[in-house]
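Asker: sequence unknown, structure follows:
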Ligand SMILES: C[C@H](O)CC(=O)C(=O)O
Ligand SMILES: [Mn+2]
């Protein structure tokens, strides 16, 4: 495979963070321990562990965690011999206090996540993480909502604050292949630091888009084993590793071990198939944050509505991560017949 970067590809497994959405944040420490142990043994580079909405996300608004994420981070760090434990932090949801605690328990990398046009709110957290000595990465969410020039501008801000890599984050699984190509190419050209890509599979494009990202120079790549992530899940790790292997690109991850983990360890944890169904498809089609799916389905039940109508209206309003309260507002308005469907 032709790649614009000659740096090694390093993968982050997100099933224990993005997958937390799909599991309604009910992950146990025993599950975390087993998954981390097996990922570590398979050669995974980074394993992200925390609430689905990042540090501090366990709230009524985002969903309460069964087990305190700090306990999960500590358990993960105890199991990982080679892999680095990563956490995600959305400034405002998580604070520097939680970051400090996560670091003291063994987290080695933080991804500071903001909406794609709001990189400026990441400055304090990026600086703080660098002072702690953590590997520090910027994560620009809902990347389909900004034109290429804006994305480059925002990524450069994160670079100037000290980020060591910046991700294009396709939170809604809405980016089309040519849009991934132009975004990653522009960042690879404009930044001195590494570029990453995080996909959601709502339009069944996650693996294909990830391959394009790698061709265009992305070297930090996210996957979720068995697609365990929000919406239709992420780039399926074991599938990506297989395809990369077929393309002659060795990422140093043991394929059979990943397959066994997907089948024997993750399979029994998943309460419902993570698939492209009418709900997750609408996420990608309408450009809605993937973690809104289960909240919208719950609201649809409560107000006797079709979740697709709620999601479509949220997409029309260009709602972004952090505006989860809008899901109930929109559902209530639809139920009162205030909005046409
Ligand atoms: C907090 C979000 O779930 C982060 C993420 O994985 C995304 O935007 O996608
Ligand atoms: Mn995600």
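Answerer: Nice, I can see it. These numbers come from a predicted model, not from an experiment. Ligands and ions are numbered 1, 2, ... in the order given.
Asker: for stretch 274-291, how far is the first residue from the last?
Answerer: Its start and end residues considered, stretch 274-291 measures 13 Å (C-alpha to C-alpha, to the nearest Å).
Asker: Stretch 87-101 now?
Answerer: The separation between the terminal residues of stretch 87-101, taken as C-alpha to C-alpha, is 11 Å.
Asker: Offset the numbering so it begins at 6, please.
Answerer: Fine by me, first position is 6 from now on; the one you just mentioned is stretch 92-106.
Asker: ok, and for it, which residues are buried?
Answerer: Of all the residues in stretch 92-106, those buried under the rule 16 or more other C-beta atoms under 10 Å are 92-96, 98-101, 103-104, 106. (Glycine included, C-beta is placed from N, CA and C.)
Asker: and which of the residues you listed is nearest to residue 293?
Answerer: residue 95 (17.3 Å; C-beta to C-beta).
Asker: quick one: the closest one from ligand 1, how far?
Answerer: In this view, residue 95 and ligand 1 are 6 Å apart by C-beta to the nearest ligand atom, to the nearest Å.
Asker: which ones are touching that residue?
Answerer: Neighbouring residues of residue 95 by C-beta atoms under 8 Å, 6 or more residues apart in numbering: 58-59, 62, 118-119, 326-327.
Asker: Of those, which belong to strands?
Answerer: Among those, the subset assigned to strands under DSSP state E consists of 118-119.
Asker: which two in the contacts of residue 95 are spaced the farthest apart?
Answerer: Within these, 62 and 119 form the most distant pair, 14.8 Å apart (C-beta to C-beta).
Asker: returning to that earlier point: intersect the contacts of residue 95 with the contacts of ligand 1.
Answerer: The subset of the contacts of residue 95 within reach of ligand 1, by C-beta under 6 Å from any ligand atom, is 58-59, 118, 326.
Asker: Restricted to strands, list the buried residues of stretch 92-106.
Answerer: Among the buried residues of stretch 92-106, the members that lie in strands (by DSSP E) are 92-94.
Asker: Can you pull up the residues of the stretch 206-346 of the chain that come close to ligand 1?
Answerer: For the stretch 206-346 of the chain, the residues in contact with ligand 1 (C-beta under 6 Å from any ligand atom) are 235, 295-296, 326.
Asker: again, 5 Å this time
Answerer: Listed as neighbours of ligand 1 in the stretch 206-346 of the chain under the rule C-beta under 5 Å from any ligand atom: residue 296.
Asker: Residue numbers of the stretch 6-155 of the chain in contact with ligand 1?
Answerer: Taking C-beta under 5 Å from any ligand atom as the test, the list of the stretch 6-155 of the chain residues beside ligand 1 reads 23, 58, 146.
Asker: which residues of the chain score low on pLDDT?
Answerer: Low-confidence segments of the chain, defined by pLDDT under 70, are located at 343-346.
Asker: which SS class is residue 178?
Answerer: Here residue 178 is coil, with the state taken from DSSP: H, G, I helix; E, B strand; the rest coil.
Asker: Distance-wise, check it relative to residue 205.
Answerer: As judged by C-beta to C-beta, to the nearest Å, residue 178 and residue 205 stand 3 Å apart.
Asker: hey, what's in contact with both of these two?
Answerer: Both residue 178 and residue 205 are contacted by 211, 236-237, 288-289, 295, under the criterion C-beta under 8 Å, 6+ apart.
Asker: Just flag the most distant two among the residues you listed.
Answerer: Between all members of the shared contacts of residue 178 and residue 205, the farthest pair (by C-beta to C-beta) comes out as 211 and 288, at 12.5 Å.
Asker: joint contacts of these two?
Answerer: 178, 205, 237.
Asker: In CSV: the residues of the stretch 6-155 of the chain next to ligand 1, plus neighbour count and distance to residue 162.
Answerer: Formatted as CSV, these follow (neighbours: other C-beta atoms under 10 Å; distance: C-beta to C-beta, whole Å):
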residue, neighbour count, distance to residue 162
23, 28, 24
58, 27, 22
146, 22, 15
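Asker: Going by distance to ligand 1, which of those residues wins?
Answerer: Of all these, residue 146 has the smallest distance to ligand 1: 3.9 Å, by C-beta to the nearest ligand atom.
Asker: wait, the closest one sits on residue 116?
Answerer: No. Counting by C-beta atoms under 8 Å, residue 116 is not a contact partner of residue 146; they are 10.2 Å apart.
Asker: what ranges do the strands span in the stretch 106-255 of the chain?
Answerer: 112-120, 140-146, 170-174, 199-203, 225-228 (DSSP state E, counting those that start in this stretch).
Asker: Including neighbour count, could the shared contacts of residue 211 and residue 288 go into JSON lines?
Answerer: Written out in JSON lines, the entries for the shared contacts of residue 211 and residue 288 read as follows (neighbours: other C-beta atoms under 10 Å):
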{"residue": "178", "neighbour count": "31"}
{"residue": "205", "neighbour count": "32"}
{"residue": "237", "neighbour count": "26"}
